[in-house]
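[1] Sequence first, then the predicted structure, then my questions.
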Amino acid sequence: ILNVEQSPQSLHVQEGDSTNFTCSFPSSNFYALHWYRWETAKSPEALFVMTLNGDEKKKGRISATLNTKEGYSYLYIKGSQPEDSATYLCAFGVDSSYKLIFGSGTRLLVRP
Amino acid sequence: SQTIHQWPATLVQPVGSPLSLECTVEGTSNPNLYWYRQAAGRGLQLLFYSVGIGQISSEVPQNLSASRPQDRQFILSSKKLLLSDSGFYLCAWSRDAGELFFGEGSRLTVL
């Protein structure tokens, strides 16, 4: 059974703090690693899709890295803002299939 | 631009009753379509995906089924709901094996 683990499960930070989360996935049969942000009362939205070992992607204050050989990805948020409060999901794409296996997410709460 | 809609948004059904959740995509052709479920306190679980009309892949054996009668329509059904079917259901589409675009979600409570 393929398993995707995310840590921590939840995180409370102050506005302005920088933070990071971890996504662990199987190191074999890798195809892609996705990160999504899921705000309350909205639909999940894609942040990044990464396919190559060593990939680093950035969108504003949010960035992500990928290590496919050891099976982990980090998501970083620099200078957290209250609007960053959301659940952050990672998903592991298997082989070249359309199957994405999601982790259970990291719930971030940024206090003003 | 592409849009995805699913309905109903909220549903309360008795055990043993049927279910039909519908999802449509506009603004694209031949999308890959997906049904995911989030049970309480858990991540998103892939239920079904489809790469074309009439082509359905089931990931989890259960009493749910999916159909794709038209290119941009994906339907999740059950003949008899169980308590364990309660959860939040999300439809999504993608091009190839790229990022997913999700619908608004449907919350199902089975009593």
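    Arrived safely.
[2] Run the contact check for the helix or strand of chain A with the lowest mean pLDDT versus chain B.
    Lowest on mean pLDDT, DSSP states H and E among the helices and strands of chain A sits strand A:100-102, with a mean of 89. Yes. Part of strand A:100-102 sits near chain B under the criterion Cβ under 8 Å from any Cβ of the partner chain, namely A:100-102. Heads up, the C-betas are built off the backbone N, CA and C, glycines and all.
[3] which one of these sits closest to B:G98?
    A:L100 (10.4 Å; Cβ to Cβ).
[4] Correct me if wrong: the closest one contacts B:G98.
    No. At 10.4 Å, A:L100 does not count as touching B:G98 under the criterion of Cβ atoms under 8 Å.
[5] Looking at these two, which one has more neighbours?
    Higher neighbour count among A:L100 and B:G98: A:L100, with 27 against 14, using other Cβ atoms under 10 Å in any protein chain shown.
[6] show me the contacts for that one.
    For A:L100, the contact set (Cβ atoms under 8 Å, 6 or more residues apart in numbering or on different chains) comprises A:34, A:91-94, B:46, B:100.
[7] one more time with 6 Å
    A:91, A:93 (Cβ atoms under 6 Å, 6 or more residues apart in numbering or on different chains).
[8] Next one: B:K80 from B:V110, what distance?
    Computed as Cβ to Cβ, to the nearest Å, the B:K80 to B:V110 distance reads 10 Å.
[9] Show me which of those two is the more surrounded one.
    Ranked by neighbour count (other Cβ under 10 Å), B:K80 and B:V110 place B:V110 first, with 19 against 11.
[10] Please name the residues that touch the more buried one.
    So B:V110 contacts B:13, B:15, B:81, B:83, B:85-86 (Cβ under 6 Å, 6+ apart).
[11] which ones among these come in contact with chain A?
    Filtering these for proximity to chain A by Cβ under 6 Å from any Cβ of the partner chain leaves nothing.
[12] export these to TSV and tack on secondary structure, pLDDT and neighbour count?
    As requested, these are exported to TSV (DSSP: H, G, I helix; E, B strand; the rest coil; pLDDT from 0 to 100; neighbours: other Cβ atoms under 10 Å in any protein chain shown):
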residue	secondary structure	pLDDT	neighbour count
B:Q13	strand	96	16
B:V15	coil	97	12
B:L81	coil	96	21
B:L83	helix	94	9
B:D85	helix	93	20
B:S86	coil	92	18
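[13] Could you dump these into JSON lines and include distance to B:R37?
    Shown next, in JSON lines, are the contacts of B:V110 (distance: Cβ to Cβ, whole Å):
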{"residue": "B:Q13", "distance to B:R37": "15"}
{"residue": "B:V15", "distance to B:R37": "17"}
{"residue": "B:L81", "distance to B:R37": "13"}
{"residue": "B:L83", "distance to B:R37": "14"}
{"residue": "B:D85", "distance to B:R37": "8"}
{"residue": "B:S86", "distance to B:R37": "10"}
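[14] and which of these is nearest chain A?
    Of all those, chain A sits closest to B:S86, with 17.5 Å by Cβ to the nearest Cβ.
[15] Direction included, what does the least confident helix or strand of chain A pair against?
    strand A:86-94 (antiparallel) (DSSP bridges).
[16] Next one, pLDDT for the residue most central in space within chain B please.
    Chain B has B:W35 as the residue nearest its centroid, 3.2 Å off, counting by Cα atoms, centre = their mean. At B:W35, the model reports a pLDDT of 95.
[17] now do B:P69
    So B:P69 comes in at 94 (pLDDT).
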